[in-house]
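*Asks:* build me a model:
(2 chains)
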Amino acid sequence: MGRFEELQESIITGDEDKVKELVQSLLDKGNSPTDIISKGLIGGMAVVGGKMKAGEMFIPEVLASAEAMAKGMELVKPHITEKIAYAAKVVMGQVEGDVHSIGRRFVGMMLESGGFEVVDIGEDVPADKFIEAVGREQPSILGLSALLTTTMPCMKEVIEALKRNNLKDKVQVIVGGAPVSQGFADSIGADGYAPDAISAVDKAKQLLGQS
Amino acid sequence: MIDSLQLKVLTTEQVNTIYDKCLDFLSSKGVKVTHPQGLRILDKGGAQVDFDNHQVRFPKDVIETALRSAPHGFTLASSDGRNDVILPHPDGLFYRETLTGAPEYLEPDSDTTRDVTLADVAEWAQLVEALDKISFHAAPFPTDVPLEMADISALKANFENTSKHIMVQPYSFGSLEYLFELAQVAAGSREALKKRPVIDMIICAISPFAFKDMDIEAIILSAHNGVPMLLGVLPLVGATSPVTIAGTVLQLGIEILAMLVMIQLIEPGAKAFGCPFAFTLDMATGRNLQASVEAMMIAAASVQFIKDAFHIPTYYEPGTDSHIPDGHTMTEKSLSGLLISRAGCDMLGGAGQLDVIRVMSPVQLVIDNALVSVFERLNSEVKVDDDYLAWQDMLDIAPGSTYLERRHTLKHCREALRPELLGTLSRDTWISGGSKDLYTRALDKYQELKKKLTPLELPEDVQKEMNRIEKYARERLVK
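*Replies:* The predicted structure is shown next:
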């Protein structure tokens, strides 16, 4: 098995120590950081994503893989000299009044694994802070998460704020969270809805014409 | 619950182990509270408060004193006194209640859902008023009013349409004072509300081990107004509580005990009941599940633990993860309803609920109302005496003959339950009646009930005052 394949396998099994060892070894042997990322780290996560979609890997196992990938990325990033060609930039946050984070962080990990640059602005984010973040980061996708029926309406507030600030046509909005549905997403003018982390990646790619 | 019938999922030793761990945890690690006034009250009451890190620990003697002062029984009052929820149930049974907070409504004669409206909240309350086995009620979540008013307008709509006791879920800090004002008007006065609380207030932990300011404020206001509190812990097993059944049972115990102790430190003798309501995380899909086997086992164990260790009433919502009222729904609701009632739960909520509390269905509410008598019967004692043993008839009867014409049979022939909506028809009769399945039979009943549903006629001064409170709240709260 070649070293890149070994690295992919370590990502799949979530073996952080092995990932770090292999990444360091590949760097020491002069392999390009972008190759390490695309052929090893993201390559492994792509297999993980497929296995999760097929029901073969469970969430904690996928999280372990994502953590292992993150450790690998920490080692690689200081060596990157050229700009990483991300699929696109995504800003994500939990709407105002909502302090949950697990689902959103998992989506963020899966988006990173899918080649996206993710800027997570955290929990309990008022609409004006979302607008600030969109203006500053200029993402292609804005991800809004809500886990409570009482905070779902804040998603509409964010979309309305985007329109008032002439930003709505510059960013695609994807919404998600346990109480959210396609019908709700349509009613508030969101561009997409994702019922889970894997479909969030698929939806992001679809909206950007990358699938 | 009749003691001899209570299902014991945990042994006495296991209950004691979990109890000891609850005290160890609360005295050594404690919970997070950020409400400034709450922290001062707890500090004064004997808790060990780290004001800088917002961490509160409870010495064991403080916990045990609190458990002694927590009432073991009390009444959730109805407005007119006809449907009081007396805890514990005088006959050892349980009370049935509706779901809390669903935002979607399943159209009765299709499988499409839409957003819940305030008109739905009103009709739902009228349906509750008409259904004999639904003892009390909580409001769904109306989506056609300003968010800041959802809980206030829903409570007002409830008072206008049902006299049964109402469970209140506050949605924001700002709405609390108006919710209590409405309740005081409904009861007659602040003092009347204390004597006969026509509402109870839902308090929720943020698992693991934290409490937000709104809930501490709700505890303070409820305790001082004599309003009983539901101590809600709703973790997601594997995410916000341990992935194991025992671990989640322990965390449920810790968080409910923390709330109970806080309440007793704020107002000794304040009334509260425990709601251990864990959802499991399906590790393959990420879906929250209310009616997984593990969720049911956790509920049964937790209900037993709370009753055996804390001696306060308990509440749980046996529900379903199915999206429609079908065999899947009936399987889950029957299993969890029977299991949890047998575990000794005092109040079973969730009537009318589908799809992990996302959807309310008036037809499912009619079905769940019919199931209550089945659960009651399955929770009742088997009478054993010479009469019920039919001893003399057995001695007298000729071998190979029949009991059908005997006086004993005549005396007892009407005691067997004939549950509403569940079939006793022969196949031919069923076919000639239209071959109606359970849902269709329930739909027929709902449509009959709907023709007679009416709002309550509140006294003019009460209606006027409620209107004023709602209008004032809207002016103050809606941006």
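*Asks:* where does chain A get nearest to chain B, residue-wise?
*Replies:* Taking CB to the nearest CB as the measure, chain A has A:Phe58 as its residue closest to chain B, at 3.8 Å. Bear in mind the C-beta positions are built from the backbone N, C-alpha and C, glycine included.
*Asks:* nearest residue to that residue in space, please, no chain neighbours.
*Replies:* B:Met283 (3.8 Å; CB to CB, 6 or more residues apart in numbering or on different chains).
*Asks:* most distant residue from the centre of chain A?
*Replies:* With distances taken as CA atoms, centre = their mean, the residue sitting farthest from the centre of chain A turns out to be A:Lys29, at 30.1 Å.
*Asks:* just the pLDDT at it, thanks.
*Replies:* The pLDDT attached to A:Lys29 in the predicted structure is 95.
*Asks:* measure it to A:Ile80 for me?
*Replies:* Here A:Lys29 is placed at a distance of 17 Å from A:Ile80 (CB to CB, to the nearest Å).
*Asks:* A:Ala194 against A:Lys203, yeah?
*Replies:* Yes. Under the contact definition of CB atoms under 8 Å, A:Ala194 touches A:Lys203, with a separation of 4.7 Å.
*Asks:* how close does the residue most central in space within chain A sit to A:Lys53?
*Replies:* Centroid-nearest residue in chain A, with CA atoms, centre = their mean: A:Leu111, separated by 2.4 Å. Between A:Leu111 and A:Lys53 the distance is 15 Å, computed by CB to CB.
*Asks:* who in chain A is up against chain B?
*Replies:* By the rule CB under 8 Å from any CB of the partner chain, the part of chain A lying against chain B is A:52, A:55, A:58-60, A:97, A:99, A:102-103, A:106, A:149-150, A:152-154, A:178-179, A:181, A:183-184, A:187, A:196-197.
*Asks:* next, the distance between the ends of stretch B:164-174.
*Replies:* Taking CA to CA, to the nearest Å, the span from the opening residue of stretch B:164-174 to its closing residue is 26 Å.
*Asks:* is there proximity between that stretch and chain A?
*Replies:* Yes. Contact of stretch B:164-174 with chain A is found when judged by CB under 8 Å from any CB, involving B:171-172.
*Asks:* helix/strand/coil for A:Thr81?
*Replies:* Taking DSSP: H, G, I helix; E, B strand; the rest coil as the rule, one finds A:Thr81 in the coil state.
*Asks:* now it, nearest residue through space, not along the chain?
*Replies:* The spatially closest residue to A:Thr81, leaving aside those adjacent along the chain, is A:Pro33, at 7.8 Å (CB to CB, 6+ apart).
*Asks:* quick one: residues contacting the one you found.
*Replies:* Counting by CB atoms under 8 Å, 6 or more residues apart in numbering or on different chains, A:Pro33 makes contact with A:27, A:76-77, A:79-81.
*Asks:* and with 6 Å instead?
*Replies:* Residues in contact with A:Pro33 (CB atoms under 6 Å, 6 or more residues apart in numbering or on different chains) are A:76, A:79-80.
*Asks:* most neighbours of all those, which one?
*Replies:* Taking other CB atoms under 10 Å in any protein chain shown as the neighbour criterion, A:Val76 ranks highest of the contacts of A:Pro33 with 22 neighbours.
*Asks:* now that one, what are its backbone angles?
*Replies:* Taking degrees, to the nearest 10, you get phi -80, psi -40 for the backbone angles of A:Val76.
*Asks:* before we move on, the earlier item: overlap in contacts, A:Ala194 and A:Lys203.
*Replies:* Taking CB under 6 Å, 6+ apart as the contact criterion, the common neighbours of A:Ala194 and A:Lys203 are A:Ile174.
*Asks:* what is the burial count for residue 133?
*Replies:* With no chain named, the answer covers chain A. A:Ala133 has 19 neighbouring residues, counting by other CB under 10 Å.
*Asks:* not quite, go with chain B.
*Replies:* Burial measure for B:Lys133: 16 neighbouring residues, criterion other CB under 10 Å.
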